[in-house]
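Undergrad: give me a 3D structure for the following:
(one chain, ligands or ions: 1)
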Amino acid sequence: MTSPATSATGAPDLPDYAPVPAIAKGAALNEHGYHVWQVERNLYAVTDNVYMSAFLTTPDGVVIFDAPPNIGHNIRRAVDEITAANGLTNQVTHMVYSHHHCDHQGASSLFGGDIVRIGHEETRRLLLRDDDPARPVPDVTFADSYTLEVGGERVELAWHGPNHSPDNIYIHFPDHDTLMFIDVVNAGWIPIYNLNLSDDVIGYTGAPAIALDYPWTHLISGHLGRVATREDVAMHQQYIADIEASSREALASVNPGPIFKHYGENVWAAVSAHLDAVTEHATAPVIAKYTGVLGGADIEIYTRTTTFAIMQSIRLDRGPSGPVHP
Ligand SMILES: [Zn+2]
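TA: Sure, this is the predicted structure:
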């Protein structure tokens, strides 16, 4: 029997990667493990360098945008720190859900049952399905758009179709030059597995263009240590465009004939060998181009699984899936 090698510190024998590029570096965290900063006027973001949440301080109360359990009680600490420094109430009155996923909302219940929760109608349906006491269902829902007005501030919520999840919305702060849009673009980093674990490939790959249609300077994207710029979004779009181009090239150039001939009646083995070869062919140049440019680019399984998802979408959604039998 073998077991993974273990270092003197008790950690498994983990692979090494290239240094994190400067563009991907996070903030210095305080003794509680968070960093909070002013995005624009009374809009603040808080991060643990993995997850990001935001809040708006107003004379009538605080509005929280997402409550990731990774940040957890530090959301309250950050709100208390900022409101105390500005002589404002620290009472949380509203919470907006970007989407239903537990990794972004699992600390919602820390703020009790007396606040108004707002989300897309599909978020409510999915949270009723998931029945998680950590994520109380939204009281206020909308189908296409909703304007939230609290303490003289205005926030525009909108749903433009499924992307990362069926219910993921765009949260625009027109008076704060900011858009909050979660789990699609990561500032300075590539997406993790399968386009950030996304449901809808076409929706996901089209979403950055929708985000760029809004006027904003700061993008709160839900992860890592800083807000994204419009240049970060363009870089993400280029990474995805490179994968699409590489996938099309690989689908056209890897010949399945010899693979199917080799496996004979085991056609599933041939399908696997063919698609694995296409994925490998498409992935290699993208990893080479982005290593040292975007964080995580040399973690090969991320680009490989994202490429596989995009390549399948090219075959299944956009077509052609392959040559038509004569
Ligand atoms: Zn998510």
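
Undergrad: from here on, contacts and neighbour counts on C-alpha atoms
TA: Noted.

Undergrad: how much space separates Leu219 from Ala187?
TA: 9 Å (Cα to Cα, to the nearest Å).

Undergrad: what does Trp268 give?
TA: 39 Å.

Undergrad: okay, the two: which has more neighbours?
TA: Per other Cα atoms under 10 Å, whichever of Trp268 and Ala187 has more neighbours is Ala187, with 30 against 12.

Undergrad: once you drop chain neighbours, what's closest to the more buried one?
TA: Excluding its sequence neighbours, the residue lying closest to Ala187 (Cα to Cα, 6 or more residues apart in numbering) is Ala228, at 4.8 Å.

Undergrad: so Phe181 makes contact with Ile171?
TA: Yes. The criterion here is Cα atoms under 8 Å, and Phe181 meets it with Ile171 at 6.3 Å.

Undergrad: overlap in contacts of those two?
TA: Ser98 (Cα atoms under 8 Å, 6 or more residues apart in numbering).

Undergrad: hang on, Asp167 in a strand?
TA: No. Asp167: not assigned to a strand; according to DSSP: H, G, I helix; E, B strand; the rest coil it is coil.

Undergrad: surely Tyr226 is in contact with Trp189?
TA: For residue 226 the amino acid is Arg, not Tyr. No. The pair Arg226 / Trp189 is not scored as a contact, 10.9 Å apart, by Cα under 8 Å.

Undergrad: between these two, which has more neighbouring residues?
TA: The neighbour comparison of Arg226 against Trp189 (other Cα under 10 Å) goes to Arg226, with 29 against 23.

Undergrad: now do the strands in the stretch 151-300 of the chain.
TA: 153-158, 170-173, 178-180, 218-220 (DSSP state E, counting those that start in this stretch).

Undergrad: name the residues contacting each of Leu219 and Ala187.
TA: By Cα under 8 Å, 6+ apart, the residues touching both Leu219 and Ala187 are 227-229.

Undergrad: need these in JSON lines with pLDDT and distance to Val92, can you?
TA: Shown next, in JSON lines, are the shared contacts of Leu219 and Ala187 (pLDDT from 0 to 100; distance: Cα to Cα, whole Å):
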{"residue": "Val227", "pLDDT": "97", "distance to Val92": "23"}
{"residue": "Ala228", "pLDDT": "98", "distance to Val92": "26"}
{"residue": "Thr229", "pLDDT": "98", "distance to Val92": "28"}
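
Undergrad: which among the strands of the stretch 151-300 of the chain is found nearest to Gly72?
TA: Closest to Gly72 of the strands of the stretch 151-300 of the chain, according to Cα to Cα: strand 218-220, at 17.7 Å.

Undergrad: packing partners for that closest one?
TA: Identification of packing neighbours for strand 218-220 by 3 or more Cα pairs under 8 Å, 6 or more residues apart in numbering; DSSP states H and E yields strand 52-58, strand 178-180.

Undergrad: export those to CSV and tack on distance to Ile71?
TA: Shown next, in CSV, are the helices and strands packed on strand 218-220 (distance: least, Cα to Cα, whole Å):
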stretch, distance to Ile71
strand 52-58, 8
strand 178-180, 17
